[in-house]
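Chemist: Have a look at this prediction, sequence included:
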Amino acid sequence: MNLETASKIIQFISEKNADGLRKLFSEEVISNDRYLEKDIQKLFSFCDGKISSYEKIAIGQESNIDGGKNSTEYNTKYRFIINETSYLLCYKYTPKNSYEIQKEGLSSIKIIKETDEDKYFCYWNELKPGIFVPE
């Protein structure tokens, strides 16, 4: 499911499909992030052009199981190319969370130019809900 989600994120960015990208987010983010729509448009402006290629760089997974309930969260990083510019996509995705169903889906997307990786470095646990693209 995680790799399928990555493909959808890439597709929706390339097609500038705001509704498709929005629907990937968890109910919690959609309900609480009042800037989500605006940030999606900001992301599309930042990633102007068609994605010509992409590759997976890293995937981490965290699972919790307790008393018949469970949750799984993926922390994933991809590189993609638009007009010969390399970008990094980092995202947090929870395909299953029987503790808090409203958290199922994307919680965070961060996209930066690869040349700015040191400037915008953060650990996975520091990714805030919603979308981050540099100003």
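Modeler: Everything's here; your move. Note that this is a predicted model, so its numbers are computed, not measured.

Chemist: Pull out the buried residues from the lengthiest helix in the chain.
Modeler: For the chain, the longest helix by residue count, based on DSSP state H, is helix 2-15. Burial within helix 2-15, assessed by neighbour count using 16 or more other CB atoms under 10 Å, is assigned to 2, 5, 6, 8, 9, 10, 12, 13, 14. Yep, even glycine has a C-beta here, placed from its N, CA and C like the rest.

Chemist: Equivalent analysis for stretch 84-97, please.
Modeler: 87, 88, 89, 90, 91, 92, 93, 94, 97.

Chemist: Same check on stretch 116-132?
Modeler: Under 16+ other CB under 10 Å, the buried positions of stretch 116-132 are 124, 127, 129, 130, 131, 132.

Chemist: contact partners of that stretch?
Modeler: 28-29, 32-33, 35-36, 39-40, 42-43, 60, 75, 88, 90, 92, 107-112, 134 (CB atoms under 8 Å, 6 or more residues apart in numbering).
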